[in-house]
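Enquirer: Sequence plus predicted model, see below.
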Amino acid sequence: MSFLAALQRHMETLSKLQGLESEIQQLASKVESSIRNGGKVIFMGNGGSAADSQHLAAEFVVRYKKERPTLAAIALTTDTSILTAHSNDYSFDTVFSRQIEALARSEDIVVGLSTSGNSANVIDAFKVAKEIGCFTYAWTGESGGQLLDIADATLRMPSSETARIQEAHMVVGHWLCEAMDERFSD
């Protein structure tokens, strides 16, 4: 497999994101409204999606490009004591839902990154978040997986290849950070 072939698949996936513009704009409006109403964005995912969740939460809290007030966001993947204690004492399938139960409020948006759309712990967390009254937003691959039927909204990246889906998640995530910089800067 050549680098140029991988680059071509990357560019093809990203070019298809244009078809999701209205959905991505709606995501930005929902996030802005949540934050303006005292809510926060709660990110979660597994593996590379866990790292992406942490990255995006950091951009919200610190800043992306512009100086602006801090934006409330948290990644449920950062507290190793919670992750390991819960997984040991209960189950990894409920590691996020337990945190949602403790931290989420109805004005929050819960974003679950799952390339397959079938991550059991994200699915379980969404069910709990919906009971609380949070808006749930799944970021998945093109099939949407089980999250397609569970989430309030699903942003399906136009690929079935894990790496391309994750790259698309970060393009959308970085644009979302940029949009929040614009909407919240003085």
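Expert: It's in. Numbers count the residues shown, from 1 in each chain.
Enquirer: Now the helix ranked longest in the chain: buried residues?
Expert: Longest helix in the chain by number of residues, with DSSP state H as the criterion: helix 162-184. Neighbour-count burial for helix 162-184, counted by 16 or more other CB atoms under 10 Å, picks out 164-169, 171-173, 175-177, 179-181, 184. From N, CA and C alone the C-beta is placed, and that goes for glycine too.
Enquirer: ok, and the closest non-adjacent residue to S53?
Expert: F43 (3.7 Å; CB to CB, 6 or more residues apart in numbering).
Enquirer: Revised request: answer the last question for S159.
Expert: S159 sits nearest to T13 (CB to CB, 6+ apart), 4.5 Å away.
Enquirer: Give the helix, strand or coil label for the one you found.
Expert: helix (DSSP: H, G, I helix; E, B strand; the rest coil).
Enquirer: show me the residues around the most centrally placed residue in the chain that make contact.
Expert: In the chain, the centroid-proximal residue (CA atoms, centre = their mean) is V111; its distance is 3.7 Å. V111 makes contact with 41-44, 53, 56, 137-139, according to CB atoms under 8 Å, 6 or more residues apart in numbering.
Enquirer: Which member of those residues is positioned nearest D89?
Expert: The nearest member of those to D89, counting by CB to CB, is M44 at 19.1 Å.
Enquirer: Enumerate every residue touching the closest residue to the closest one other than its chain neighbours.
Expert: Of all residues not flanking M44 in the chain, L76 sits nearest, at 4.3 Å (CB to CB, 6+ apart). Residues in contact with L76 (CB under 8 Å, 6+ apart) are 42-44, 53, 95-96, 99-100, 103, 125.
Enquirer: 10 Å instead, please
Expert: Neighbouring residues of L76 by CB atoms under 10 Å, 6 or more residues apart in numbering: 42-45, 50, 53-54, 57, 82-83, 95-100, 103-104, 110, 112, 121-122, 125.
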